[in-house]
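Chemist: got a predicted model here, sequence first, then my questions.
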Amino acid sequence: MNTRYILLADSAHLSVDGKLSVIGIFENINARKFPCTHPEISLVVQFEATRKEFGNHTLEVQLTDDRDRLVTKHGPIQFAIGNKTLKNSFARSGIIIRIINITMKKPGEYRFALFVDNRYIESVRFEAVQLQVIRPEAKA
């Protein structure tokens, strides 16, 4: 099993007929000070599996910092991919994981790693950036 894509976004929605809508794809989270808490992240993934991988699977998501220290994890999340009654040679499954109130202790690189059935599959990185506050100069 592999990923066709993995995105971080402000919001995402999967319609009943499988159409994906994604709003606000990003790779940086900006904050004036740290620690900071980001209110919501949508982690959007599409898996692709071969026929022998069709069936039920377990997904776990781990967020780590730039020193590979665990910040938080989500899961296990159960999902199915493929339909063995059809003759397809591959199948795809889209998953949206809403992650609420993630606290980052310091600026730097963070990464969400995906594990399917306890096996590492893929990761996506983002940067937590401290914004510089620019103060206007006082007039004499």
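Modeler: Perfect, thanks for sending it.
Chemist: and the residue nearest to the spatial centre of the chain, what is it in contact with?
Modeler: Per Cα atoms, centre = their mean, the C-alpha nearest to the average position across the chain is that of residue 43, at 2.9 Å. Residues in contact with residue 43, defined by Cβ atoms under 8 Å, 6 or more residues apart in numbering, are 6, 7, 8, 61, 96, 97, 99, 112, 124. For glycine as for every other residue, the C-beta is placed from the backbone atoms N, C-alpha and C.
Chemist: also residue 24?
Modeler: Per Cβ under 8 Å, 6+ apart, neighbours of residue 24: 9, 10, 11.
Chemist: just the strands in this protein please.
Modeler: 2-14, 20-25, 28-31, 36-50, 55-64, 70-81, 90-104, 108-116, 119-130 (DSSP state E).
Chemist: quick check: which ranges of this protein have low pLDDT?
Modeler: 138-140 (pLDDT under 70).
Chemist: rewinding a little: the residue nearest to the centre of the chain and residue 51, how far apart?
Modeler: 27 Å (Cβ to Cβ, to the nearest Å).
Chemist: include distance to residue 136 when you put the strands of the chain into TSV, please.
Modeler: Putting the strands of the chain into TSV (distance: least, Cβ to Cβ, whole Å) gives the following:
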stretch	distance to residue 136
strand 2-14	30
strand 20-25	30
strand 28-31	20
strand 36-50	24
strand 55-64	37
strand 70-81	36
strand 90-104	29
strand 108-116	29
strand 119-130	20
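Chemist: now the residue nearest to residue 95 when sequence neighbours are not counted, which residues is it bridged with?
Modeler: Spatially, and ignoring its direct neighbours in sequence, residue 95 is nearest to residue 45 (5.0 Å; Cβ to Cβ, 6 or more residues apart in numbering). Residue 45 has these beta-bridge partners by DSSP bridges: residue 6, residue 95.
Chemist: list the contacts of residue 45.
Modeler: 3, 5, 6, 7, 94, 95, 96, 97, 114.
Chemist: filter those down to the buried ones, PyMOL style.
Modeler: In PyMOL, this line selects whichever of the contacts of residue 45 come out buried by 16 or more other Cβ atoms under 10 Å:
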select buried, resi 6+7+94+95+96+97+114
